[in-house]
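> Fold the following, please.
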Amino acid sequence: MADPILRVRGSGYSGSGYKIPTDGGRVVPSVTTVAGIAHKPGLIQWAVDNVAAFAVANVDALLNRSESEGMGFLRWRWKNEPKLDDEPNIRNWHNYVLNDAADLGTWFHEYADSDLTDGFTREPVEPWQEQMVDAWNLFKFEHDVEALLTEQTVYNPRGYAGTFDALLRIDGKVYMTDFKTGRNTWPEHYMQLAALGASPVWMHQVDSSHPGAVAYKRKDKPTTYWMEDVLPDFSGYAIVHVRPDDDDGTPAFCELKVIENDLIDMHYDWFLGYLTAKEAERKVKQYTNGKEEK
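Residues are numbered from 1 along each chain as shown. Purely as a prediction, here's the structure:
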């Protein structure tokens, strides 16, 4: 999954953002940065579960330490890249699991994008990759799936931008679609879809000869050209949820989860509340930093 061209790491909103060349180079927070401030009870439970599971599996490592040493051992956060021959240990277990989960999502997003756009797909080599591809292929066999657009950036002048996974026509209906590979879906995912779908501007990359094209120059990278466009019409929102075989015995699957438009509207209101909070946070930081510099 290639990094969107207009995405910037620093946005001034405590997270990544997008630079909008057609709006004077305005930098706005990304949809994920805004929605990322949502409370995530599932993620908290995930971290607890993984630390607990590894602690039980490595109880001898704890019994050889005092209570305070054991607490420090479990709470220590790994911050360095592991060596190739390192084995996961109790200090960094949750990070290894997190990296595995991220790899799973990144790999499938790249595979699905290439598959939908008739690009080159890397053949699966790991068992979990084969399981996900088999589930995805079965989904396509059971449904009529056509990609209208994939991996495109949209902008909302209200003050945010983001990149959606795909506009898919599935069984004759066009959905703003998000691929998810985690065990569960959460309100944050609905917020992201709602915000992307409510964005009136499609940042359309064009060639330099296109009338009205605006140049976007980046250091040490090729200049690209952009115009504002309108997305093809879509009538619904959906998550395509893809998983390999799970540890709890759940077999690999790929299923379509259509989200009611009323629920999308409510989550968009929720998202706008977080956007207001992010903007207020930025203003407070600017004010505070300005006072400190005087």
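> the helices in the protein, which residues?
Ranges of helices within the chain are 31-35, 41-57, 59-63, 67-75, 93-116, 127-142, 187-197, 261-293, based on DSSP state H.
> Of those helices, which shows the lowest average pLDDT?
Confidence, taken as mean pLDDT, is least for helix 41-57 of the helices of the chain (a mean of 59).
> Quick one: residues contacting Ala135.
Ala135 makes contact with 242-244, 252-254, according to CB atoms under 8 Å, 6 or more residues apart in numbering. For every residue, glycine as well, the C-beta is placed using N, CA and C.
> ok, so what distance separates the closest residue to it other than its chain neighbours from Thr223?
Spatially, and ignoring its direct neighbours in sequence, Ala135 is nearest to Cys254 (4.0 Å; CB to CB, 6 or more residues apart in numbering). Relative to Thr223, Cys254 is positioned 39 Å away (CB to CB, to the nearest Å).
> Val240 too?
35 Å.
> Neighbour count: these two, which is higher?
Counted by other CB atoms under 10 Å, Val240 and Thr223 do not tie: Val240 has more neighbours, with 24 against 9.
> Just grab the bridge partners of that one for me.
Phe179, Leu256 (DSSP bridges).
> was I right about it contacting Leu256?
Yes: under the criterion of CB atoms under 8 Å, Val240 makes contact with Leu256 at 6.0 Å.
> Which neighbours do those two have in common?
Counting by CB under 8 Å, 6+ apart, the common neighbours of Val240 and Leu256 are Phe139.
> what's around the residue nearest to Ala135, how many residues?
Residues near Cys254, counting by other CB under 10 Å, number 23.
> try His109
By other CB under 10 Å, neighbour count at His109 equals 21.
> where's it relative to Asp103, distance?
11 Å.
> residues shared between the contacts of those two?
Residues touching both His109 and Asp103 by CB under 8 Å, 6+ apart: none at all.
> tell me the centre residue of this structure?
By CA atoms, centre = their mean, the chain has its centre lying nearest to Thr32, at 6.6 Å.
> In this structure that residue contacts Gln192, no?
Yes: the pair Thr32 and Gln192 qualifies as a contact (CB under 8 Å) at a distance of 6.5 Å.
> Tell me how many other residues surround the nearest residue to Gly212 once chain neighbours are set aside.
Nearest residue to Gly212, sequence neighbours excluded (CB to CB, 6+ apart): Met227, at 5.4 Å. Counted with other CB under 10 Å, residues neighbouring Met227 total 17.
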